[in-house]
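> attaching a predicted model along with its sequence, questions to come.
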Amino acid sequence: MEREIIVYHLSAGCTNTEVEEGKIYIGRVQGFANFGVFVQLNESVKGLVHRTNLKRRHSERDPILVKVISIRSNGNIDLEEVTPSIYHTEMVVKKAATVSLNELSQNIGRMIRIEGVVSQIKQTGGPTIFIVSDGSAIANAAAFVEAGVRAYPEVQLDDAVRIIGEVMTRNNQVQVEVSSLAVLSGEEAEKVHGMVDQAIERRAEPADLPFLVESEVLERLRPQMRLAAKIIRRAILESVPIVIRHHADADGICAAVALEQAITSIIRENTGDFEAEYFMVKRSPSKAPFYELEDITRDLDYALKDAVRYGQKIPLIVLVDNGSTEEDEPSLRIARTLDLKVVVIDHHHPDEVIDQFLVAHVNPYRAGGDFGITTGMLGTEIARMIHPEVTDRIRHLPAISAVGDRSEAKERGRYLDLVKADFTEEECKDMALAIDYQQFWLRFNDGREIVKYILNIGNERENQRALVRILVQQANSAIEDQMAALMPHVVTRILKNGAMLFLFDVELFAHKFTFPPPGKTSGEVHDRLCRLHPDRAVVSIGFGPDFAVLRSRGVLMNLPKMVRELRQEILGGGVSGGGHLVVGSVKFVEGMREKVIEGLITKISDVPIEASFTGPCR
Amino acid sequence: MEREIIVYHLSAGCTNTEVEEGKIYIGRVQGFANFGVFVQLNESVKGLVHRTNLKRRHSERDPILVKVISIRSNGNIDLEEVTPSIYHTEMVVKKAATVSLNELSQNIGRMIRIEGVVSQIKQTGGPTIFIVSDGSAIANAAAFVEAGVRAYPEVQLDDAVRIIGEVMTRNNQVQVEVSSLAVLSGEEAEKVHGMVDQAIERRAEPADLPFLVESEVLERLRPQMRLAAKIIRRAILESVPIVIRHHADADGICAAVALEQAITSIIRENTGDFEAEYFMVKRSPSKAPFYELEDITRDLDYALKDAVRYGQKIPLIVLVDNGSTEEDEPSLRIARTLDLKVVVIDHHHPDEVIDQFLVAHVNPYRAGGDFGITTGMLGTEIARMIHPEVTDRIRHLPAISAVGDRSEAKERGRYLDLVKADFTEEECKDMALAIDYQQFWLRFNDGREIVKYILNIGNERENQRALVRILVQQANSAIEDQMAALMPHVVTRILKNGAMLFLFDVELFAHKFTFPPPGKTSGEVHDRLCRLHPDRAVVSIGFGPDFAVLRSRGVLMNLPKMVRELRQEILGGGVSGGGHLVVGSVKFVEGMREKVIEGLITKISDVPIEASFTGPCR
Amino acid sequence: MEREIIVYHLSAGCTNTEVEEGKIYIGRVQGFANFGVFVQLNESVKGLVHRTNLKRRHSERDPILVKVISIRSNGNIDLEEVTPSIYHTEMVVKKAATVSLNELSQNIGRMIRIEGVVSQIKQTGGPTIFIVSDGSAIANAAAFVEAGVRAYPEVQLDDAVRIIGEVMTRNNQVQVEVSSLAVLSGEEAEKVHGMVDQAIERRAEPADLPFLVESEVLERLRPQMRLAAKIIRRAILESVPIVIRHHADADGICAAVALEQAITSIIRENTGDFEAEYFMVKRSPSKAPFYELEDITRDLDYALKDAVRYGQKIPLIVLVDNGSTEEDEPSLRIARTLDLKVVVIDHHHPDEVIDQFLVAHVNPYRAGGDFGITTGMLGTEIARMIHPEVTDRIRHLPAISAVGDRSEAKERGRYLDLVKADFTEEECKDMALAIDYQQFWLRFNDGREIVKYILNIGNERENQRALVRILVQQANSAIEDQMAALMPHVVTRILKNGAMLFLFDVELFAHKFTFPPPGKTSGEVHDRLCRLHPDRAVVSIGFGPDFAVLRSRGVLMNLPKMVRELRQEILGGGVSGGGHLVVGSVKFVEGMREKVIEGLITKISDVPIEASFTGPCR
C-alpha cells in the first residue's frame, strides 16, 4: 500500500521561513511565463514551477500541488508539480509564539499560540466561541466548521486546551480565530490547569489594606470579609456572572453600589469586552426585606436561560443587607440544590440555620458587633478589598448608610469624621432620605446611574446637591402630608405596665401606593410620638388589613417569642412574622386582625418597662 | 439613432470561461508596460491593450472600457479600448449552478443561482434582506443599492424570484449576496410557486406513527391532531412565527412544553439561524384560564411591531389547555378580523360558537372523550407528529399531566405504565405539584429552562429529583400553613337536599398573594372535607369579595344554568361565570356578594343528590 | 543634533499624485528582480530601488524606508533606500475633498475630509465612535487605537473637529474610518460652530403653512406652536432623543401619534441609521393624567443609563395632553434640576407656576381658547409644522380627538368637515372609542402599530373598518354590562338648591380591573342620567374607597375651591384633587370617605343653579 502523503497548506502570515525543502504544499496558479508558472503558496510566498516540472495544463487560480525543490539564497523557491493519489493536508502555521491573553491586543494580525482553560462555550449561527482563560486574562477563540455547527465537539467546559490562531478584531472585539485547537491531557493538562489555577488564585487574593476607620468589630470580621472579597474576585476572573441582591433602602443601596463599583471596575480592566460590565453583573433591589422565592425564581430563570443560550456559567449570588435570617431559608435551600453559590453580607441578627447554605457570611453579630455596623460599612470595606482603586469614589457611603440606618455604633462617628470635609452629617442624612425617596419611585429597578448621581459617585458635587435638595424637599412634603392625614386618627391607650400604646390604621387613614409606604409611615409616627413623650415607654402599632408594624421604646419585650406564642394560641390566625426583640412586624389573615392585635397588646401589657422610661402620663 | 451598447461587468468569481470575444467589458487599469496597459476585468481575469489600441492616457486603477479581440490558447486576452457614447452595463456572473437552499453552506464563496418564494422582506440600514424559501430550506438574500434604501422595490411578499449571487458568511450567518434578482411571472412563476408549495406541502406532512398508548378517543381525534401538526409544521417551513399560549398549570405546561420541544427542534434543523428558536417561537403562560383580551392585545402589539420593523409574518397562535369556550370568543373574534390563524388544543368542554374562528381544534369532547384526556396527552402526541425525534424527551409528560389534572380516563394508567421504569406515579404527582409551585413564583414568565429542569427534559435525573424534592416540601408546607389558617373558619350547613355545604372566605381567612392561590386553596379544602365525609354529597364554596369558587361531589347540578338564572334574577348583581356542570366559578360585583351566594345556595338545595352519597350526617 | 526626519506613510487610496520627489516614505518589499527590488508604498503605488541604491538585504514584505529620486513621465518611480536613525512618520492622505455629511453615501470607498461638531462620543469594545454633525446631516466617525481604548481622549462633546478618513460601510451603516482627527480652535472652530449652528438653525425652522382649518385661537397660538415645532426639529437635528409622554385617552393618543409620525419621518430622512427611529423617539402613555414622579423617574433612569452606556444626549421631553397643571410641578422641578428640557402641548387649564419649567408651552387658554381646542388639533398642526409631508396621514386625527374629547369649539365641525369624504362623524366617534378600548388592554404600552392600524395611518381602510367595528361592539357590550350592574345601585337625592344628586359606588357595584374603568364608568352613568333628566341640574358622584369622581351639569360650582376648603376643614381627611370648575376628582384617606363626601355634598347644595336647568323634579 502506498504511504499516505502529507500536503502542507501554508497559512496566512507564513513566510519563506516556514517553507521546507522536500515537502509538498498546496498552492494556487498565479501567472504564466514562457518558462513556467508562478504558484502562490499563500498571499505572500510564491515559487516557480519550471515548465519541465509541470504535469499538466493549468488555468489561473487553479489549485496545484507542488514539492519544494530548493529555496535559493535570494529567497526564490523552485517547485515541481506532484500528483499524489492519496494525501491529507496539514496546516503550516507561522511559528507561533505562545502569548499571554493579556497581550492579545498587541498581537492583532499575528498567528499566535495560547494555552488555557475553557470557561464558556457559545455556539453561534456561525463559529463556535470558546472563552478561554490563561490566568492572565480572558479571551474569545472562534472556531468555524460550518455555519451553526459546533466545532471541536470534544471540548468541554474546564478542559485545558492549546490553540493556534490569528488574532483578529471582529465586531470591535479582539479574538483569536482558531487554526487548530487541541485538548490537552495528562501532564500537559495538569500543567495548564495548575498554571491557570495558580494565576487565578494569586490574582483573586484581595488587597491587604487598613480599614477606612478604626474598628474592633471590623478587625474581627476581617477574615470573613477577605473570604467574601476573594470569592467575588475569583468569580470575575473565572467569568462567573454576579447577581447582587439587596435591601431597597439607603443602607442596602450604599453597600450594593460600593460592591458594584468595585466589580465593574475590575471587569472593565480584566476583559477586553466593553459590554461585559452590563451582562456580567446585575444589581437588583429586592421587594421584600429577605431573599424571596420570587427573587430566586427570577434569578434562576435568567441564569439557566443564559447558561443554555449563551453558555454562561451559573452566577454567584451576593445578598446584601439581606440573607441572614430564617426567612431566607427556602430560597437558599433551592440555591444549594442547584449549586448556586451564595455570599451574604448582612447586619440583621443571623439565624444559625443559614450558614450551611453559604460560601461566606459577613455579619457583625458573629464578631461581637450588632446592627450598628451597617451593611454600607461592610460593603464599602469589602469593595476596597476587591479593588482598592475605587476607594475615593465610595468612601462616603458608610457615613450615609450609618445615618440612614440610625446606627449608634461608635463607627458611625468615625465614618462621618472621615468625610466631613466633603459631606456634613446633615448632608449625609439628606442623601439617605433622597435615595430612599428615589428608590420608591424606581419601583425596584436598579436606577444604576441616577442612584450614582444622588450618591455623588463620579459626578459634579454642585449638580448632585441640587438634585438631593429637591428630592429631600419633596420627600419631606410627602411625609408631612401623610402625617397630617394619619396623626389625628392615632388611638392612645395606657397599658397596665405603664407603657403608652399608640394604634393606627396605615391603610384606612393614610395615602396608599405613595411615599412614604406603610413601614416608613409607622416609623415616622413612632418617632414623633416618642419625641412628644420623651420620658415614657412607647409602643406604636401601625396596622393594615393583614399586617401590623410594631416599634417600641423602653419596653423589655421579645417580639419573636410573642409571635410564636400567638401562632399557637390563635387557631386559624395564620400568624407569622418577627424581626428584632423590640421592633418588627406581624402578619395574619385579614379576618383575624382584631384577635391577633388584641392578643399582642395583652402580651405587651405584661412585659416590664425599662426604668428610665417610667415617667408620668400626660 | 445609435443602438445602445451593452458593457459587461465581469463579477467576482468569473474566469476566462465567462469572457467572450467581441463583447465589451468594463475593467480597471492595472499596470503599464512599454507595449501597452494591463487591464483587470475582475480580481483574477486580466488582459492587455496594446498601445496601438489605446484611445487616451490612463492612470493606474482608472476604469476603462475594452472590447475583447481574442482569447489566446494560453489564456492571454487581447483587448482594445472602446469609447461608446451611450451604453448600459450588465453583470456577467459565473455560470451559476442552481443550488437548493439546503445546500447553501456547502457553497460558500461560490456564485450560485436560486429560485424561490419571498417570505419576508427586511429593510436594514444597509442592504435589503429578502428571506427566500425554495421548499428545501429558508435563506437570506442581501441586496444593496444604497445604505438604508430599499433594493428591488418591485419585489413583494410571496413573489417568485430568481436570484444570482455569491454565498457569503456575514455576522456568522450564511447568506446570498444578490448580484441580480428577477421577479418571475407567468409560467416561470407558477413553476416556482408550484415547486415551493409542493415541497412545503410535502415537508409539512406530519409523521405517521402509532400513539404512545392505546386509545380509542385519540384514534378518533387523529385526523384533527394531524391537521394541527401539519399547520404547525407548515408555519415553521414558511417562516411564520408561532405563539404558544397556555394555561399556567401542570397540564397546560406539559402540553405546551412538548410542543415547544418539537417546534424548536425543527427550527434548529430547518434554518441556519441559531437564534431563530428564540424569536420564531414564544411560549406564554396565560394569567386567566382563557385567551384574555389582554393576551391577544399583547400578542398583536408584538406581531404588528415585528411585521413593520423586521418584516416578519403575522404569527400562528396555538392555544393549549385553553381556547375552547365562549370566554375565548372576544379574543378569537379580533384574531379573525386581523387574519391571525388560531389552533386550539384543549380538553375543556367546547362551545359550538368557537369553531368558526379556528383553523384546527383538537378536543376530546369532539371524539366521545372528556376532560380525562388531558391536554398533556394531546400536546405530546401532536408534538411527536410534528417531530418524532423528540419522543424520548417528552414521553413522560402525559403521565405528569394526567395525575396533575386528576384524569380518571383509562389512558391515565397507560401513560403511567409507559414510563413506570423511570417515574413512579408518586414521582409524577410530585413533578406536577413542583411545576405548579414553581410556575406560581415565575408569575407568568415562561421559565423555559427551569421548567425543563423540573420536567426532566434533557438534564440529569439525580439533580432533577433533588430540585423536585425541595419544591414539593415547600409547596406542601405552604399548603399546610394555608389550611391551618383557613380550616377553622369553614362554616358548615346541611342543605334541604341533604348535601353538606361548606362555606369559607378565601381572602379574609387565607394568606393572600402567596402559594396556594385561592382556586387551589378551595380545591384543597374541598378534597379534605370530602375525605372527612366519604359517604355524603359535598358542596364547597370558597369565596372572595367578588368571586366564588365552587366544587361539589354527588350533587346533580348544572352550574352554568344556575349562573344564567342568577344573572337574570339578581338585578345589579353583575353575575357571570360558569365552568363545568358540577364545578366552576361565579363572578359578581362586590356589593352583591351576599345575595348572589345565598341565591346560589338556594338553587343547590333544590338539586337532587346522587344515590351513592346520601349517607348519614356526622 | 541631527534634525528629525519625517517619514511619510502613503495611506490607502493615494496614487502617484500624492507622492513627492525628495520625500521619504515607508514601504514594503514586494518582489525581487536582478536589477533591484520593487517596493510598495501602498496597495496601488510602487517603485523600484535599483540594487545600487540598496543599503541591505531584504525579505519579501519587509518594511523599508525609501526616498523618492524621481517620478518618471510614464508613472514609474525611482527610489533609494535610506536609514535615518531618528524619524517620525506622518500619514499622507489622498488630497481629500471636504464632503458634506449628506453626501457620504455617494463617497463610499473614498478618502474624504469632513468638518463638524461632535454630538455624541460612544466608546465600544473596539473603536471610539464620534457622532458628528455638520449641519447637513449626522454621521458616525470611527477611530481606533486599541480595542476598547478611547481614541482622541482630548475630544469632548460639542468640540469642532476636522476629520480625514475613508468612507466605509460597517454593519450595514455608512461611516467614516478616521485617519486623522483634529480639534479645531480659535477662528477655525468658530467658523465650524457658526456653520453648524446656522445650518441647524436654518434647518430647524418649521414649515410655514396654513392650518388645516380656520381658527382664531390657533392663529393666536401660532408663535408658540412654531416654537414647539422648532425645538423638536432642532432636537432631531442635534441627535437629542425625544420622549413623548401623553395622556392615555383618544385625544392624547391622537396628538402624540401625529407628532410621532412627523418625528420618525424626519429621523428616517435625516440619519442613515434605519434603527434610529426606534431608539431616538419613544412614545409613552402615562398612567396618571399628569406627569407623575414615577414617569420622570423612569425617563431619567433610562436617559442617564443611555448617556453613560451609549454617550447619548439627555432627551427632550414632550408632554402631550398633560403637563399644564400644578400636579405636574414636582416632576417638572426635578426635570429642571437635571437640565431636562420640557415642551408642553396641553389643553387643560394651565397653572401659572408651570411656565418657569418649560421651554415651550402650547395651551389654548393662553390664547383665548379653551378645552374645546383639543390636543389632537394642536399636536396635528404642530406635526405638520415639523414635517408637512405627513399631513395626509394625520389630517383626520383632530376630528377623532374632537369627538373623543367632546369638544364644543367651532373647530370641531371644521375638522370633521375636512375629512368627511373619508370619515363620517360616527366613524370618528367609533375610532375614538375603539382606541380608548384598545389602549385599556394595552395597559400603557404604546401599541405603536396597532394604534396606527385603528387610526388608519397607512393601512387599508377596509381592514381598519373591520377592526374598529369589532372593538366598538366589544366596548359597547362591556359598557352595557357595567351599567346593568351599577345603575340599580345609584342613590338619588334632591339637594336644597334643587339639583339632583346621584351617588354610586364604582368599586362595590361595578366590575373591577376591566373596561370601562371607574372614571369612564362614572361618566357613562352621568350621561345617561342627564339624558333621563334633560331639564334638571345634575351632579353625579361615583366613588371608590379613597376617591370620588364628580361630574355635573347646570351647577355653578368651583370644585377646586371646594377641595381646598375641605382639605382645611376635615382634619385627618387627607383631601386633595381638583380638575375643572364643574368636573374633577377628589382623593382622601379611606377611613374618612363618609365625612369627605358628605362635606362635598353640603357644599354643592349651597351652590346656585343655572337658570336653564331648574325644571321640575320627576
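That came through fine.
> buried residues of stretch A:473-493, list them for me.
By neighbour count with 16 or more other C-beta atoms under 10 Å in any protein chain shown, stretch A:473-493 contains the buried residues A:474, A:475, A:478, A:479, A:481, A:482, A:483, A:485, A:486, A:487, A:489, A:490. Using the backbone N, CA and C atoms, a C-beta is placed for each residue, glycine as well.
> and of those residues, the nearest to residue A:568?
residue A:490 (30.4 Å; C-beta to C-beta).
> wait, doesn't the closest one sit right on residue A:504?
Yes - counting by C-beta atoms under 8 Å, residue A:490 does reach residue A:504; the two are 4.5 Å apart.
> wait, does stretch A:16-25 contact chain C?
Yes - in terms of C-beta under 8 Å from any C-beta of the partner chain, part of stretch A:16-25 sits within range of chain C, namely residue A:16.
> which bits of chain A sit near chain B?
Residues of chain A lying near chain B (C-beta under 8 Å from any C-beta): A:32, A:59-61, A:123-127, A:146-148, A:171, A:293-294, A:297-298, A:300-301, A:304-305, A:307-309, A:330, A:333-334, A:337-338, A:546, A:571-574, A:587, A:589-592.
> coming back round to it: need the residues touching each of residue A:490 and residue A:504.
Here residue A:490 and residue A:504 have residue A:525 as joint contacts, going by C-beta atoms under 8 Å, 6 or more residues apart in numbering or on different chains.
> returning to what we had before: restricted to helices, list the residues of chain A next to chain B.
Counting by DSSP state H, the residues of chain A next to chain B place A:293-294, A:297-298, A:300-301, A:304-305, A:307-309, A:330, A:333-334, A:337 in helices.
> just give me the closest of the residues you listed to residue A:600.
Here the nearest of these to residue A:600, counting by C-beta to C-beta, is residue A:330; it sits at 25.4 Å.
> how close does the closest one get to residue B:136?
Look at residue A:330 and residue B:136: by C-beta to C-beta, to the nearest Å, they are 52 Å apart.
> go on, residue A:415?
Counting by C-beta to C-beta, the separation of residue A:415 from residue B:136 is 70 Å.
> of these two, who's got more company?
residue A:415 (29 against 21; other C-beta atoms under 10 Å in any protein chain shown).
> mean confidence (pLDDT) on the helix or strand harbouring that one, please.
Per DSSP states H and E, residue A:415 falls inside helix A:410-419. Mean pLDDT, computed over helix A:410-419, is 98.
> for stretch A:254-263, same thing?
Per-residue pLDDT values across stretch A:254-263 average out to 98.
> equivalent analysis for stretch A:38-57, please.
On average, stretch A:38-57 scores 86.
> which residues sit against that stretch?
Outside of stretch A:38-57, the residues within contact range by C-beta under 8 Å, 6+ apart are A:10-16, A:19, A:25-37, A:64, A:66, A:68-69, A:76-83, C:60-61.
> out of those, which are buried?
Among these, those buried by neighbour count (16+ other C-beta under 10 Å) are A:10-11, A:13-16, A:19, A:25-30, A:32, A:36-37, A:64, A:66, A:68-69, A:77-82, C:60.
> show me the residues you listed that map onto strands.
A:10, A:25-30, A:32, A:36-37, A:64, A:66, A:68-69, A:77-81 (DSSP state E).
> any part of the longest helix along chain A near chain C?
Of all the elements of type helix in chain A, the one with the most residues (DSSP H) is helix A:461-486. Yes - residues of helix A:461-486 contacting chain C under C-beta under 8 Å from any C-beta: A:463, A:466, A:467, A:470, A:471, A:474, A:481, A:484, A:485, A:486.
> show me which of those is closest to chain B.
Of all the residues of helix A:461-486 next to chain C, chain B sits closest to residue A:486, with 23.5 Å by C-beta to the nearest C-beta.
> residue contacts, the closest one?
Residue A:486 sits in contact with A:504, A:506, A:509, A:510, A:521, A:525, C:572, C:574, C:589, where contact means C-beta under 8 Å, 6+ apart.
> apply 6 Å and report the result again.
Residue A:486 sits next to A:509, A:510 when contact means C-beta atoms under 6 Å, 6 or more residues apart in numbering or on different chains.
> residue A:277 too?
Contacts of residue A:277 (C-beta under 6 Å, 6+ apart): A:264, A:267, A:268.
> ditto for residue A:609
Contacts for residue A:609 were tallied using C-beta under 6 Å, 6+ apart; they are A:497, A:498, A:499, A:537, A:554, A:555.
> now with 7 Å, please.
Residues in contact with residue A:609 (C-beta atoms under 7 Å, 6 or more residues apart in numbering or on different chains) are A:497, A:498, A:499, A:537, A:554, A:555, A:556.
> phi, psi for it please.
Dihedral pair for residue A:609: phi -110, psi 140, per degrees, to the nearest 10.
> who in the stretch 501-618 of chain A is up against chain C?
Proximity of the stretch 501-618 of chain A to chain C is confined to A:505, A:507, A:508, A:509, A:510, A:511, A:512 under the rule C-beta under 7 Å from any C-beta of the partner chain.
> can you tell me how far the residue nearest to the fourth one when sequence neighbours are not counted sits from residue A:110?
When you say that, I think you mean residue A:509. Closest residue to residue A:509 apart from its sequence neighbours, by C-beta to C-beta, 6 or more residues apart in numbering or on different chains: residue A:489 at 4.1 Å. Counting by C-beta to C-beta, the separation of residue A:489 from residue A:110 is 77 Å.
> remind me which residues of the stretch 51-200 of chain A are low pLDDT?
Along the stretch 51-200 of chain A, segments meeting pLDDT under 70 span A:89, A:91-96, A:125, A:146-148, A:170-172.
> and the residue in it that chain B sits nearest to, how many neighbours does it have?
Nearest residue of the stretch 51-200 of chain A to chain B: residue A:126, at 2.4 Å (C-beta to the nearest C-beta). If you count neighbours by other C-beta under 10 Å, residue A:126 ends up with 20.
> and the closest residue to chain B within the stretch 151-300 of chain A, what is it in contact with?
Using C-beta to the nearest C-beta, the single residue of the stretch 151-300 of chain A nearest to chain B is residue A:297, 3.9 Å away. Shown in contact with residue A:297 (C-beta under 7 Å, 6+ apart): B:438, B:441, B:442.
> nearest to chain A, of the residues you listed?
residue B:441 (3.9 Å).
> what's the helix or strand for that closest one?
Here residue B:441 sits within helix B:425-442, counting by DSSP H and E.
> which other helices and strands contact that helix?
If you count contacts as 3 or more C-beta pairs under 7 Å, 6 or more residues apart in numbering or on different chains; DSSP states H and E, helix B:425-442 packs onto helix A:293-310, helix B:250-270, helix B:397-404, helix B:448-454, helix B:461-486.
> tabulate those (TSV), appending distance to residue A:350.
Shown next, in TSV, are the helices and strands packed on helix B:425-442 (distance: least, C-beta to C-beta, whole Å):
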stretch	distance to residue A:350
helix A:293-310	19
helix B:250-270	37
helix B:397-404	39
helix B:448-454	29
helix B:461-486	22
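> looking at these, spot the one closest to residue C:167.
Here helix A:293-310 is closest among the helices and strands packed on helix B:425-442 (C-beta to C-beta), at 34.4 Å.
> buried sites along that closest one?
Neighbour counts over helix A:293-310 (16+ other C-beta under 10 Å) mark A:293-307, A:309 as buried.
> now the angle from that helix to helix B:461-486?
Using axes from the mean of the first three to the mean of the last three C-alpha atoms, to 10 degrees, the direction of helix A:293-310 lies 160 degrees away from that of helix B:461-486.
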